[in-house]
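Engineer: Here is a sequence together with a model predicted from it:
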Amino acid sequence: MFVALSIYSSSMPDNYFAPYLPLLIHILFALGIASGMVLLSALLGKRRPTRAKMSPYECGIQPTGDARQRFTVKFYLVAMLFILFDVEAVFLYPWAVIYRDLSDPKTYGSRFFGFTEMLVYIGIVLVGFFYIWKKGVLDWNKPEGEDA
């Protein structure tokens with residue numbers, strides 16, 4: 001019994017965080033190098049501001065107008081749509097991974113349980129999609145004040 005206990009206790013690390021010490025050293029080393037480069041660049045770098053360097057970069061196009069102009073509501077609606085469909089894709093991946101388990105009739109009682117659950121989910125998303133389609137959110141040619 002003593003031999004088995006000593007073998008078991010010798011394989012256990014004294015400190016739970018000991019295996020993570022190399023990772024911590026690596027992260028601190030990388031942060032130190034990055035901070036050192038930024039600091040040396042700020043201390044030793046030449047500063048010669050010109051009109052071209054101080055102008056905002058807008059994909060090679062000369063900036064016109066005020067940078068603080070207001071965005072239309074459609075911009076935010078399309079951004080929310082992007083998030084909606086992005087979240088939908090996030091839920092589709094785990095479903096696809098466990099689909100074979102969901103179609104086990106011993107566990108869920110039906111072979112089509114996972115399929116019908118995903119059809120319900122996609123149906124709810126499509127209802128939202130058709131709603132915004134009917135509201136005209138996806139029609140960029142329509143003036144802003146016009147409602148459907």
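Structural biologist: Thanks, I have it.

Engineer: Return the residues in contact with the most centrally placed residue in the chain.
Structural biologist: Against the mean C-alpha coordinate of the chain, by C-alpha atoms, centre = their mean, the closest residue is residue 86 at 8.8 Å. Counting by C-beta atoms under 8 Å, 6 or more residues apart in numbering, residue 86 makes contact with nothing. For the C-beta atoms, the positions are set from N, CA and C on the backbone; glycine is no exception.

Engineer: got it, and residue 140?
Structural biologist: Taking C-beta under 8 Å, 6+ apart as the criterion, residue 140 is in contact with residue 74.

Engineer: same thing with residue 114?
Structural biologist: 95, 98, 99, 101, 102, 103, 108.

Engineer: Make a PyMOL selection of the buried ones in those.
Structural biologist: A single PyMOL command selects the buried members of the contacts of residue 114 (16 or more other C-beta atoms under 10 Å):
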select buried, resi 102
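
Engineer: Could you pick out which of the contacts of residue 114 are located in helices?
Structural biologist: Cross-referencing those against helices under DSSP state H gives 95, 99, 101, 102, 108.

Engineer: which is the next helix or strand following the lowest-mean-pLDDT helix or strand in the chain?
Structural biologist: Here the helix or strand of the chain ranked lowest by mean pLDDT, DSSP states H and E is helix 2-11, holding a mean of 51. Counting by DSSP states H and E, the next helix or strand C-terminal to helix 2-11 is helix 21-44.

Engineer: Give the buried residues for that following helix.
Structural biologist: Under 16+ other C-beta under 10 Å, helix 21-44 has no buried positions.

Engineer: Equivalent analysis for stretch 124-141, please.
Structural biologist: By neighbour count on 16+ other C-beta under 10 Å, the buried set for stretch 124-141 is 125, 129, 137.
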